[in-house]
Every structure is written in C-alpha cells, then in structure tokens.
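K.L.:
here is the input, now give the coordinates:
(2 chains)
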Amino acid sequence: MPEAMQVLQSGVPVSWYLILSAVLFTLGVAGFLLRRSVITVFMCIELMLNAVNLSFVAFSNQHKDVSGNIFTFFVMVVAAAEAAVGLAIILTVFKNRQTLNIDEINTLKN
Amino acid sequence: MDLAFFFVFSAIALICAINVVLQRHPISSALSLVGVMGSLAVLYLQLGGEFIAMAQIIVYAGAVMVLFIFVIMLLNAGAESRSGKASWTAPLLGIPALLAFLGFTVYYFLRGFNNAGVVKFGGYTGGSAAGVGISLFTDYLLPFEVTSVLILIAIVGAIVLARKEMD
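P.N.:
Numbers count the residues shown, from 1 in each chain, chains lettered A, B, ... in the order given. Prediction:
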C-alpha cells in the first residue's frame, strides 16, 4: 500500500489546525451563550482565547515567522491578568449578591 | 505519524471542549478545560512553538486554572440550577449565527488555505526559547515593557476588588 504510506508520511495541512481552532472557538461562544454560571461563562472565554492562540501558532508555522508565537505570548499575559481581575470581580459580586447565576446579576439592567 | 498525533490530540481537545460546555458542575468544566489546554500544548509543540507550549502548560494549565479552581472551592459553587427564568433570546439568535459563522470559516479555511503547505514536526524551529526571546527583546521590546505595567495594574486591581472591607 504505497499510497496509504505516503498519506501517513505526509504532514498535516495547515487548514486543519485552523478548522480545529474555529470549532473550539465556536464551542466557546456556544458555552458563553448557553451557560448560566458566571464561572463557567468565564471559562468559556478562556476557551475562545485558546482557540485563537492555536490559529496564531499555526500561521506562525505557515509563514515561518516567530511573530505569531509572540502574539500568543501576549494573549497569554493578557488572559492571566484578565483572569485575576475577573475572578476578583466574581468574588465581590458573590459577596454582595450571594449568587453566581448570570440571570440574577442584573443591577445594570434598565 | 504527524497525522496520527494531530488526530489523537485534536480529538482530545474537542471532546474536552464539548465537556466544558456540557458539564453542569463548574469543577468538571475546569478540569476539562485543563485537558483542552494540555492537548493544545502538544499541538503547539508539533507546530514548532516550543516556548509557547511550555508557557501554555505552566501559565494556563498551571496558574490560571489553579486560580479558577481556588475560586470555585472558595465560593463553594455547586451545579448550576436549571430552574428560574432564563433568557432565551441569546441562544435563539446566537446558535444560528454561530452555525453560520462556523460554516463560513470552515469553508474559507478549506478553500483559501488549500495549498498553504503542510505541518511536519521539526519543519519549523523558530519558536524555540532562543527564537522567541530574541524577537521579544528586539522587535517587541516596547509591548513587552508595557505588558509589565499591565500586570502591575491587574495585581493592584485584583487586590483592591477582593480585599475585605476594613471599616
């Protein structure tokens, strides 16, 4: 089976990584829309950031340029800062409202 | 071999990501998210991003997720309740838009990146610690320094938000 061996020897197309990234991003948005717990919604944001990071690294590989890796590094830094501040906000909200349900956290509405 | 690696770890990432969305208990979601991040780190390694792969494991799967799990335990967050009035506008409008988005992006990636080349392990090694470090401290020095200010602001903000009221 020389053809099957050739398929096994050949690499992975760049587009497959990009499609995986798109599917992960979509799952993140779906969780963001469907979930009611504020912590899970926050985790879905992290999932979206990770999906975008995968495309950055894939493009970096495609163009043989390290800039994509640097961008991923900065996204990671911003995500870490965002997680720290966001979780502090969640702690404060829970302390004041005793709820984690996003439908009940509606002080800014109306 | 590259294909086998890609299939195994993309399957793990997809299953864990679906699990993140479907699990009702936040701690199950958090542990599934660690699975996504770990398998993505393997894919980064395959794509030549050695430094990013290690940073992914240390920063994301390590530090950020530990922070999440600490907060889940601190708040004693149980399974989310399905009762009560939930807004259905977002899913009703969002899911079709999301499926359209997924369809367009997959179509575009398949068409536009059809002959964008293939990824082989070891085919690109510019993402090593040396490569990333040289680029970070020459071309991207100013963003790097600004990032340190951002982190400082985030630390101060988190402490101010989460401290106990003294009065």
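
K.L.:
number of nearby residues for residue 22?
P.N.:
All of this refers to chain A. Neighbourhood size, residue A:22 [other Cβ atoms under 10 Å in any protein chain shown]: 22. Where C-beta positions appear, they are placed from N, C-alpha and C, glycine not excepted.

K.L.:
could you do chain B instead?
P.N.:
Number of residues near residue B:22 (other Cβ under 10 Å) recorded here: 15.

K.L.:
that one and residue A:49, how far apart?
P.N.:
20 Å (Cβ to Cβ, to the nearest Å).

K.L.:
so after the helix or strand encompassing residue B:100, what's the next helix or strand?
P.N.:
Using DSSP states H and E, residue B:100 sits in helix B:89-112. Once the chain leaves helix B:89-112, the next helix or strand it forms, by DSSP H and E, is strand B:118-119.

K.L.:
quick one: strands adjacent to that next one?
P.N.:
Take DSSP bridges as the rule and strand B:118-119 pairs in its sheet with strand A:12-13 (antiparallel).

K.L.:
distance between the partner strand and the chain's centre?
P.N.:
In terms of Cα atoms, centre = their mean, to the nearest Å, the centre of strand A:12-13 is set 22 Å apart from its chain centre.

K.L.:
next one: stretch A:64-81
P.N.:
Remark: stretch A:64-81 is offset 13 Å from the chain centroid, using Cα atoms, centre = their mean.

K.L.:
stretch B:100-109 now?
P.N.:
Worked out by Cα atoms, centre = their mean, stretch B:100-109 lies 21 Å from the chain centre.

K.L.:
can you map out the helices along chain A?
P.N.:
Assigned by DSSP state H, chain A shows helices spanning A:2-9, A:14-34, A:38-63, A:67-97.

K.L.:
can you name the residues bridging to the closest residue to residue B:80 other than its chain neighbours?
P.N.:
Excluding the flanking residues, the one nearest residue B:80 by Cβ to Cβ, 6 or more residues apart in numbering or on different chains is residue A:37, at 4.1 Å. When bridges are called by DSSP bridges, residue A:37 pairs up with residue A:101.

K.L.:
isn't residue A:37 right next to residue A:101, touching?
P.N.:
Yes - counting by Cβ atoms under 8 Å, residue A:37 touches residue A:101, with 6.9 Å between them.

K.L.:
so what sits against both of these two?
P.N.:
Common contact partners of residue A:37 and residue A:101 (Cβ atoms under 8 Å, 6 or more residues apart in numbering or on different chains): residue B:80.

K.L.:
those two: which is more packed in?
P.N.:
Per other Cβ under 10 Å, whichever of residue A:37 and residue A:101 has more neighbours is residue A:37, with 22 against 16.

K.L.:
who touches that one in this structure?
P.N.:
Here residue A:37 is in contact with A:100-102, B:26, B:77, B:80 (criterion: Cβ under 8 Å, 6+ apart).

K.L.:
can we see that at 7 Å?
P.N.:
Contact analysis of residue A:37 by Cβ atoms under 7 Å, 6 or more residues apart in numbering or on different chains lists A:100-101, B:26, B:77, B:80.

K.L.:
what does residue B:35 give?
P.N.:
Taking Cβ under 7 Å, 6+ apart, we find residue B:35 in contact with B:12, B:16.

K.L.:
so which strand or helix has it?
P.N.:
Going by DSSP H and E, residue B:35 is part of helix B:26-46.

K.L.:
returning to that earlier point: which strands and helices lie in contact with the helix holding residue B:100?
P.N.:
Where contact means 3 or more Cβ pairs under 7 Å, 6 or more residues apart in numbering or on different chains; DSSP states H and E, helix B:89-112 is packed against helix A:14-34.
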